[in-house]
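Q: My questions are about this predicted structure, shown below with the sequence.
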Amino acid sequence: MKQGSLSQRKYGLFANLIANPKERRRINLFLMITIGLILVEVLFVYFNRQQLMTQDFRHYKGTFKQFGSIAQIGFYTALSIYPVFLLLKSKQIKGIKWGTIELKTGLQFIGKLVRIWHVPIALLSTGIVFLHVYMAILRGFKLDFTYISGIVTVLVLLPLMYMGLMRFKRKDRNWHFKLAITFLILFFIHANFS
């Protein structure tokens, strides 16, 4: 084995998928935070189960709906990467200025921010969604539009996350984008029409 190949070997979670070490560390950190958040919530619900089960359902529903609302803000923030980069690809924004600030320069700065925080925010939002689902199902599953649309949305979220990982190696064949649009539509329907 060559000496150079040993020094270039990557270690850790996602080492073969995410080449950038800073990005890999950030994603690993937020993945651990998300898993920790889920564990804390599961333990909280477990230790306070009696109180939660006797709580008025409207109040209980308000609690898990708050988790859904927080996740909604996070997912819309994570999904903002698509319109920003779509605008950056447009040739029509060249030369548009607002005072002394050129629109393209501002969009490039925003694009850098959304690129850096897309995955961490999506991971945190996914963790919060799982808390929302856990609390929603804990008091009983109903065969109504709200529960079914929520389950279908979560079922789209799982392959979306997997294809997001494949996106780092450009092996997703654009499925991450297609699933993201599907998720956005289903999530919007679930959040606003249930």
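A: Everything's here; your move. Numbering: from 1, shown residues only.

Q: what residue is smack in the middle of the chain?
A: By C-alpha atoms, centre = their mean, the chain has its centre lying nearest to residue 122, at 1.9 Å.

Q: nearest spatial neighbour of that residue, skipping sequence neighbours?
A: Of all residues not flanking residue 122 in the chain, residue 78 sits nearest, at 4.1 Å (C-beta to C-beta, 6 or more residues apart in numbering). (Glycine included, C-beta is placed from N, CA and C.)

Q: For the one you found, give me phi and psi.
A: phi -60, psi -40 (degrees, to the nearest 10).

Q: Return the set of buried residues in the helix or strand containing residue 36.
A: Secondary structure assignment for residue 36, by DSSP states H and E: helix 21-47. By neighbour count with 16 or more other C-beta atoms under 10 Å, helix 21-47 contains the buried residues 23-24, 26-27, 30-31, 34, 37-38, 41.

Q: and whatever helix or strand comes next after that helix, how far out from the chain's middle?
A: The C-terminal neighbour of helix 21-47 among helices and strands, as given by DSSP H and E, is helix 49-54. Computed by C-alpha atoms, centre = their mean, to the nearest Å, the chain-centroid distance of helix 49-54 equals 30 Å.

Q: cool, and stretch 64-80?
A: With C-alpha atoms, centre = their mean, you get 9 Å for stretch 64-80.

Q: does the residue nearest to residue 75 when sequence neighbours are not counted sit in a helix, a strand or a coil?
A: With sequence-adjacent residues excluded and distances taken as C-beta to C-beta, 6+ apart, residue 75 is closest to residue 125, at 4.8 Å. Assigned state for residue 125: helix (three-state reduction, DSSP: H, G, I helix; E, B strand; the rest coil).
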